[in-house]
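Q: Build me a structure from this.
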Amino acid sequence: MTQIHPWRSRAPRPARLNTCGALLGCLFSPLLLAEETTLTLDQQLVSAPSVESTTVAEMARYGSKVEIVSREQIERAGPSSDITRVLQMYVPGLYVAPKNGPFDYGTYSLLGGRNDDTLILLDGVRLNNRLYGGLYLDTLPANAIERIEVLKGGQSLLFGTQAVAGVINIVTRSPQTREASGEVNLGLDSFMGQTGDARAEKIFSNGFGDLGLLAYISHNVSDGYQPYRNKDMNPRVSDKKRGYEVTTFGAKAVQAFADESRLELFYQYSDANLDFARPLDNRKTTNDRVQQIATATFEQRLNERLSYFVKGHVNDWDTRYTRIDNTADGGGVRVRNHNDYWGFTDWGVQAEGKAELSGGHVLVFGSDNQWFKGQDDVLVIDNSKAEAHALYTQLRPVIDALPDWHPSIGIRHESMSGGDSATVGMLTSLYDLNDRWQVRGQYGSAYKLPNAEQLFVNEPGDELGNRNLKPEKSRNAELGLDYRGALLDREFSASVTAFHRRIDDLITLDGIQWVNGDGEITVKGFEADGKWQFDERWNLSADLTRNLVESRNGVTVNNIPSFFARSRLGFESTDRMWGAGGAIRYIRDVVSSKQIDYGHYSVVDADAYRYLDRAHRHRLSLLLENLFDRDYATSMTSTSPQVENLGRPFTSEVRYTYRF
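A: Next comes the predicted model:
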C-alpha cells in the first residue's frame, strides 16, 4: 500500500514486496540465469493533460486520506485473485470478507461503513448499481488493473450518492511502452483451479500525436471448495462445492493530440459462470453472467489555467439464474428457477472543469448525469427505471498569510426521479506543521439516495417498496495526524485517523416495508497504520481499526466488525531476485442482521517469488492462503436457521510469469 503524502516532492519509492524470508526464503533454489542484463522498457505514458485521472489523488493535498495499491502489490495477491482479495490484503481500514472465495460477493466496511456506504468506481465509472443497491466486484480480474486508489471519509461532494465512508477507484492498465511488450501468466492452485492471462501493448506515433493500444485476456476456472460444514448441510445436498469459470477480455486505446488533449476509449467484456453454493437440498445453483463496460473520455487543457474532461460510460449486466433442488423423496428434482433473467444497464455523462484563478486559487465545477434501467424475473419491481442529475463545485483557495494551510470548500445538489433531491457541502483542510508532520481534517454531509428496489419493489407478504422514501443523510467528520520521517535512523511513516458519522433517515426494512427509520445512528472510531523499513531488505507494516456503532429506537446497522487488525513482515533480497513474506489478519466480533455474533478469527497468509533470470523476464510466485487451515466464518447465510459461510481453507497457488 502506497500512501499519498502531498508534501513529498520526490517521486515515491517503488512499492516493495511485503515478505518474510524466514518463512519462505528457501522455497526456490538458485537457477541457471539465462540472461545477464536487466530488461529495460521505454516507459512513456501517452502524453496528455492530467485532469480526470488525478481527481482522487489530488484530494490528498486538501485533507483527505488517500492510499494507493500498486501494480506490484496486485501481482502478489495470487494467481486466482480478484479485486476483493486485493482489497482484503492491502487497504488499511477496509474490512473485506469474501463470501465463498474468489469471484464471489463480499462484505465490505470502510471507516465503520456498511456494505454500500463505499462507492466503487472503475476508471471513474460507478459500479454500485442504482437500481438494486448492489456492489458487484466478483467478475473483475486483477490482471487488468494498474492500481487501486482509496479515498477515505465522506466524499459525496465530488462523487455523489453512496460515497458515505469513502471511494475506491479501480484504475485499469494503460499502454506504457513504445516497444511491443506484455506478459503471460499461468497459475494452478491446490484445488486444481487454473488461471491464465495475457497482455500486449505498444505506443505508436501518428499524424495527431501518440496512440497507445493495449489488449488483455484472462481465464479463471475452479471447482472451488466446500463452503459449509458437513453438519450444516442436509443429506439431500449433492453439489457441495462452489466453483467458478470467468473469462474476460478488454482493450484500451489512448490518442493524444499534441500536449493539449487526448481521447481514451475502453471496453471490457466478462463472461462468468458462478456457482451459488447452498446448504439445503442443493443440486445446482448458478449465475450465468455477461457484463460489458465501455467508456469514452476526452480531456483537454485549453490553456495554462483552464482544463476539462467529458466522460461517457455504459455498464451493462445480464444474468441468467438457475436453482434446482433435490426433493425429499431422494429421487426427484424441483426446478425453482430456470435461466430466469435479472440485469441492468447504467449509462451516463460526466463533465468536469478546473480553473486556476488569479492568486493561485483553484475552482472545480462539474455536472454528473446518469440513467438506469433493469429487469428482474424473480423480484417484482413496479418501476425499473431511474435517472439522477447533479451539479457540484469546489473552491481550493490559497491564503498567502497561511502558506502551510491547504483548505477546500464545496457544495453539490443531486436529484433523482422517483425520490427527493439532496444537497450536501464539504470542508477539508490540510496543515503542514513541518516537513515531517501534518494535520488533516474534513467535515461535511453525505447522502445515499434510495434505489429502485427500495422505492418500487412489490412482493406482497415478502417485501414492499415505499415511494415516499427520503434520501439517507449523514454528517461526517474525520481528523488525522500523519508522520513521515525516521525510527532508529530508518524510514518510518505512521498515521492515525478518528472518524465520527451521524446518520439520519436511515433506509431500512420494518418487517416487509421499506421505511426511513426513526432516530439517529452514530458510527465512530479510529484507524491507525504504520510502515517501517528497518533495513534495505526487511520491512514491517501494520494497521488496526476500531468501530463503535450506537443506535436509537431500535434502528441499527450490521455486519460491521467492532475491531480488526493486520500486520505484514516482508523481506526482499538486495539484488531484488527473490523475496518472501507473511501476514496475519485478526477479526473480532461481527453481528449479522439476525443479531447472530460471528467472526472471532485470525488468518495467516504467506507469499514468495523468485526471478529465474537477471532480465526479470521469467518469474515464479507462490501464495499460501490460510496457512494454518483455520476454520472461520466470513458471513451468515440467509437460510433459516442461519449457518456460517466458511472462508477459504488452506490453499497453495503457484504462478509462472513471462514478460516480453
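
Q: Tell me the strands beside the host helix or strand of residue 600, with direction?
A: Assigning secondary structure by DSSP states H and E places residue 600 in strand 597-611. Paired with strand 597-611 in the same sheet, following DSSP bridges, are strand 578-591 (antiparallel), strand 618-625 (antiparallel).

Q: Could you point out the longest helix of this structure?
A: helix 83-90 (DSSP state H).

Q: Give me the angle between the strand holding residue 600 and helix 83-90.
A: In terms of direction (axes from the mean of the first three to the mean of the last three CA atoms, to 10 degrees), strand 597-611 departs from helix 83-90 by 90 degrees.

Q: residues contacting the residue most central in space within the chain?
A: Geometric centre of the chain, nearest residue: residue 168, 5.0 Å, by CA atoms, centre = their mean. Shown in contact with residue 168 (CB atoms under 8 Å, 6 or more residues apart in numbering): 87, 91, 94, 110, 118-121, 148-151. Where C-beta positions appear, they are placed from N, C-alpha and C, glycine not excepted.

Q: cool, residue 180 as well?
A: Counting by CB under 8 Å, 6+ apart, residue 180 has contacts 200-202, 660.

Q: following the longest strand seen in the chain, which helix or strand shows up next?
A: Across the chain, the longest stretch assigned as strand under DSSP state E is strand 333-356. Using DSSP H and E, the next helix or strand after strand 333-356 towards the C-terminus is strand 362-376.

Q: Do a quick rundown of the strands in the stretch 501-650 of the chain.
A: Using DSSP state E, counting those that start in this stretch, the strands of the stretch 501-650 of the chain run over 507-510, 513-516, 520-532, 538-550, 563-572, 578-591, 597-611, 618-625, 633-636, 644-646.

Q: TSV please, covering the contacts of residue 168 and showing distance to residue 265, pLDDT and secondary structure.
A: Shown next, in TSV, are the contacts of residue 168 (distance: CB to CB, whole Å; pLDDT from 0 to 100; DSSP: H, G, I helix; E, B strand; the rest coil):
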residue	distance to residue 265	pLDDT	secondary structure
87	27	89	helix
91	29	90	coil
94	31	92	strand
110	31	93	strand
118	28	90	strand
119	24	90	strand
120	22	88	strand
121	18	88	strand
148	22	91	strand
149	21	91	strand
150	26	92	strand
151	25	92	strand
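
Q: how about CSV for those, with neighbour count added?
A: Putting the contacts of residue 168 into CSV (neighbours: other CB atoms under 10 Å) gives the following:
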residue, neighbour count
87, 25
91, 24
94, 24
110, 27
118, 26
119, 26
120, 22
121, 20
148, 23
149, 23
150, 25
151, 27
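
Q: Reformat those as TSV; add distance to residue 304.
A: What follows is these, written out as TSV (distance: CB to CB, whole Å):
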residue	distance to residue 304
87	38
91	36
94	38
110	37
118	36
119	32
120	34
121	29
148	31
149	26
150	31
151	27
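
Q: What helix or strand is the residue in the chain sticking out farthest from the centre located in?
A: In terms of distance from the mean C-alpha position of the chain, residue 329 ranks first, at 44.8 Å (CA atoms, centre = their mean). Assigned by DSSP H and E, residue 329 belongs to neither a helix nor a strand.

Q: What is the burial count for the closest residue to residue 260 other than its chain neighbours?
A: Spatial nearest neighbour of residue 260, chain neighbours left out: residue 301 (5.3 Å); criterion: CB to CB, 6 or more residues apart in numbering. Residues lying near residue 301 (other CB atoms under 10 Å) number 18.

Q: Quick check: the gap between residue 301 and residue 257.
A: Distance, residue 301 to residue 257, by CB to CB, to the nearest Å: 11 Å.

Q: ok, residue 204 - contacts?
A: By CB under 8 Å, 6+ apart, the neighbours of residue 204 are 210-213.

Q: Going by distance to residue 462, which of those wins?
A: residue 213 (50.1 Å; CB to CB).

Q: related to what we said a few turns ago, just the contacts of residue 180: which are in strands?
A: If you go by DSSP E, these have 200-202 in strands.

Q: Tell me the most packed of the residues you listed, by neighbour count.
A: Going by other CB under 10 Å, residue 201 tops these with 20 neighbours.
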